[in-house]
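> Take a look and give me a structure for this.
(2 chains)
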Amino acid sequence: MFDALASLIVYQWMALDPASRLGSAVHFFVMDTVQIFVMLVVIIYVMGLLRALLSPEKVRDYVRGKPKWLARSSAVTLGAITPFCSCSSVPLFIGFVEAGIPLGVTYSFLIASPMINEVAAVILLGILGWELTLMYIAAGLTVAYVGGMVMERFKPERWVEDYVWNIHMGKMTLPEPDTSLAGRHRYAWSEVKILVGRLWRWVIAGIAVGALFHGYVPEGWVSEHLGGKDNWLAVPGAVLLGIPLYSNATGVIPVAEAMLGKGVAVGTTLAFMMSIAALSLPELIILRKVIKWPGLALFSGVLAVAFMLVGWGFNLLA
Amino acid sequence: MKNIKVLGSGCRNCQTTYELIRKAAEEKGITIQLEKIEDIGQIMGYGVMSTPGVVIDGKVVHAGGVPDRKQVESWLTN
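Have a look, this model is predicted:
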């Protein structure tokens, strides 16, 4: 449906040649823009109606006081189903510390949260199919679970900024949400506005990069440098390239779509997606407010190694 | 006179919320004492983790997003 619509707009109305590079890039751009934005609005609206969007306060209440394995599993799961903005990382971190939640569990949450969320998962499903969605989610959950455990081994408490330990959180009871249909609609619509407002730049940038890749990068070059399983360096290359680049989990999907379409190996693509979504300079700079540099360096190192293992693993399996 | 605090560490939505309340009060001709709280320790002191949050006379009435116009007006009038 989206394909046909994009063909109509690009090849009929704009009269671009389907065989040309420009034509195929513009077609990719139009198709993905329409599809992703329609899906974004629908998914967020439905979730808003069901009031399925969890607040960080609720997550904290769920996780606190649980035995460690259960705390970690719920932290990873809740991190995966909540599309939090990276600007909430600092209050989340402090709130978790203050609730006495072990730091390793908090790290698990910090890894899962930007990498996986239900909105991105549904869009991933719509654009790249269930197999890749499953691989991405399973790998992401595993990295978050194990990554937090590894961090814990290094006693990361010593790298938490001192003032964090002194913050005392007050108790608050939020007013009961309005559960009438009109109230739910208002809430759902405001969530759509907030989330789309926050995401659209990243998504457009992702689609633009994907479209350029799709239209202009020659297939032969890709299969020679990024396709083969024998090219071990492609995976660390993808992870390193992903660190200074940042986009959210939704924005990387069109880039991955274009990469896979040109024959980039699955593991390499997954490693690149994870590195872009979960490991980024802006995120590290935000976390610097609560974690000292050595802690951040270790965090990045653990994640980079984990993403490489994911990449190599899936390339071997494929 | 109501004391209204907007909690938020300087993100754009926090600024929007602050302006929304200021304008609404101005249009209704209601004088309020409006403050911005940017210190993370103080914000967390109210139990708020998701900003922007709004506190009226010491009580948290809203957290996690820009409130809608109707909500703001109801805070001002009752």
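> For chain B, which residue gets nearest to chain A?
B:G47 (3.2 Å; C-beta to the nearest C-beta). All C-beta atoms are positioned from the backbone trio N, CA, C, and that covers glycine.
> Next, count neighbours for A:L279.
Number of residues near A:L279 (other C-beta atoms under 10 Å in any protein chain shown) recorded here: 25.
> ok, now which ones touch it?
For A:L279, the contacting residues are A:V239, A:G242, A:I243, A:S300, A:L303, A:A304, A:F307, by C-beta atoms under 8 Å, 6 or more residues apart in numbering or on different chains.
> Most neighbours among these, which one is it?
The residue in these with the most neighbours, by other C-beta under 10 Å, is A:F307 (32 neighbours).
> That residue belongs to a strand, doesn't it?
No - read with DSSP: H, G, I helix; E, B strand; the rest coil, A:F307 is helix and lies in no strand.
> In terms of helices and strands, where is the closest residue in space to A:F2 that isn't next to it in sequence?
Spatial nearest neighbour of A:F2, chain neighbours left out: A:Q35 (4.2 Å); criterion: C-beta to C-beta, 6 or more residues apart in numbering or on different chains. Per DSSP states H and E, A:Q35 falls inside helix A:21-49.
> what's the following helix or strand after that helix?
helix A:56-63.
> what sits up against that following helix?
By C-beta under 8 Å, 6+ apart, the list of residues contacting helix A:56-63 reads A:71, A:74-75, A:78-79, A:82, A:84, A:88, A:91-92, A:95-96, A:99, A:101, A:105, A:109, A:172, A:174, B:47-50, B:63-64.
> Check which residues of the one helix or strand A:G129 maps to are buried.
Secondary structure from DSSP H and E places A:G129 in helix A:118-153. For helix A:118-153, the neighbour count (16 or more other C-beta atoms under 10 Å in any protein chain shown) marks A:118-128, A:132-133, A:135-137, A:139-141, A:143-152 as buried.
> What is the burial count for residue 57?
I'll assume chain A. Using other C-beta under 10 Å, A:E57 is surrounded by 19 other residues.
> Correction: the question concerned chain B.
For B:D57, using other C-beta under 10 Å, the count is 11.
> is the residue nearest to it when sequence neighbours are not counted in a bridge, and if so with what?
Nearest in space to B:D57, with sequence neighbours left out and distances taken as C-beta to C-beta, 6+ apart, is B:N3 at 5.5 Å. The partner list for B:N3 in beta bridges (DSSP bridges) reads B:Q33.
> So which bits of chain A are right by chain B?
Near chain B, the residues belonging to chain A are A:55-57, A:60, A:87-88, A:90-92, A:94-95, A:98, A:163, A:166-175, A:186, A:190-191, A:194, A:289 when assessed by C-beta under 8 Å from any C-beta of the partner chain.
> Just the buried subset of those, please.
Among the residues of chain A next to chain B, those scoring as buried are A:55-57, A:60, A:87-88, A:90-92, A:94-95, A:98, A:167, A:169, A:172, A:174, A:186, A:190-191, A:194 (criterion: 16+ other C-beta under 10 Å).
> Which neighbouring elements make contact with the longest helix seen in chain B?
Longest helix in chain B by number of residues (criterion: DSSP state H): helix B:12-28. Applying 3 or more C-beta pairs under 8 Å, 6 or more residues apart in numbering or on different chains; DSSP states H and E, we find helix B:12-28 packed against strand B:2-7, strand B:32-37, helix B:69-77.
> Right, I'll call it a day here.
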